[in-house]
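S.K.: here's my sequence, what's the structure:
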Amino acid sequence: MDITAAINLARMTARAVVLLAMGGPAWAMPPVTTAPELRREIIPAQARTGHNTDAQIYFIRGLAHVFSRGMDEMAAKVRAQGFSPQVIGHRRWQNAADTIAANYRGGNTAPVILVGHSLGANNAFQMARRLRGKGVPVIYLATFDPTQTFTVPDNVRYFANFYQNNGVGRRAKFPASRQKEKVNINLTTSPGLNHRNIDQSRRLQDIVIGRILQVTAR
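M.R.: Numbers count the residues shown, from 1 in each chain. Predicted coordinates:
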């Protein structure tokens, strides 16, 4: 994606939030040219009402709580929409998965959403796989530059992997689908992005939050 496309995408997403929150029509948004993978993945943000705010949403940081500030930023944004997300360190993934499973057994079938960066992305995969073993579906899994290659478990409905092929990030594996519900988005040539700040990209955050709003819509 070139810088013009990135700017257009950011402008389109911001205008979509304002228009839809004010009840404006979706057709009022200007056309935009984006990379094919991003175009498929964009879900316009919606108004705050009409969502299952009981969704169990976890943002998983990477190494040492120093990086992955994008996880905190996205958590703040969905919290402003009425959700109660959790931000955890990557070493807490097993406890988090077991908490989700216990809630599910107790009757909480609200959507499960996992988002992680770097080592946190690795462990978001691990959480989804652990939940599969406990019979818990994951409606959305989003990963930012995981450092290992994983296969997306079949209990995951929607998946997006934002990565750079620069010696750190890795593609994910999954069966191809016509609906493109699972995608690898290669951002290697995107200017200004690297492993440390990829999760802080506003345009990528908007994609993730747009999907969260879409999958939690009542």
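
S.K.: avg pLDDT for stretch 140-159?
M.R.: For stretch 140-159, mean pLDDT is 97.

S.K.: how about that stretch as CSV, C-alpha atoms only?
M.R.: The C-alpha trace of stretch 140-159 is given here as CSV (Å, rounded to 0.1, in the frame of the first residue of the first chain):
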residue,chain,number,x,y,z
TYR,A,140,-12.8,-12.8,16.0
LEU,A,141,-9.0,-13.2,16.3
ALA,A,142,-6.8,-10.4,15.1
THR,A,143,-3.0,-10.6,15.3
PHE,A,144,-0.3,-7.9,14.7
ASP,A,145,3.1,-9.2,13.5
PRO,A,146,3.2,-12.6,15.3
THR,A,147,6.7,-13.9,15.6
GLN,A,148,5.8,-17.5,15.0
THR,A,149,3.8,-19.3,12.3
PHE,A,150,0.5,-20.7,13.5
THR,A,151,-2.5,-22.5,12.0
VAL,A,152,-5.8,-20.7,12.8
PRO,A,153,-8.0,-23.2,14.8
ASP,A,154,-11.4,-24.0,13.3
ASN,A,155,-13.3,-22.5,16.2
VAL,A,156,-12.3,-19.1,14.9
ARG,A,157,-14.9,-17.4,12.7
TYR,A,158,-13.1,-14.2,11.5
PHE,A,159,-9.4,-13.7,11.4
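
S.K.: quick one: that stretch to chain centroid distance?
M.R.: 10 Å (C-alpha atoms, centre = their mean, to the nearest Å).

S.K.: mind listing what's buried in it?
M.R.: 140-147, 150, 152-153, 155-156, 158-159 (16 or more other C-beta atoms under 10 Å). Heads up, the C-betas are built off the backbone N, CA and C, glycines and all.

S.K.: residues near Gly107, how many?
M.R.: 7 (other C-beta atoms under 10 Å).

S.K.: which residues sit against stretch 157-174?
M.R.: 41, 121, 125, 137-152, 181-188, 190, 193-195, 198, 201, 204, 207-208, 211, 215 (C-beta atoms under 8 Å, 6 or more residues apart in numbering).

S.K.: where do the strands sit along the chain?
M.R.: For the chain, applying DSSP state E gives strands covering 56-60, 86-88, 112-117, 138-144, 156-163, 182-186.
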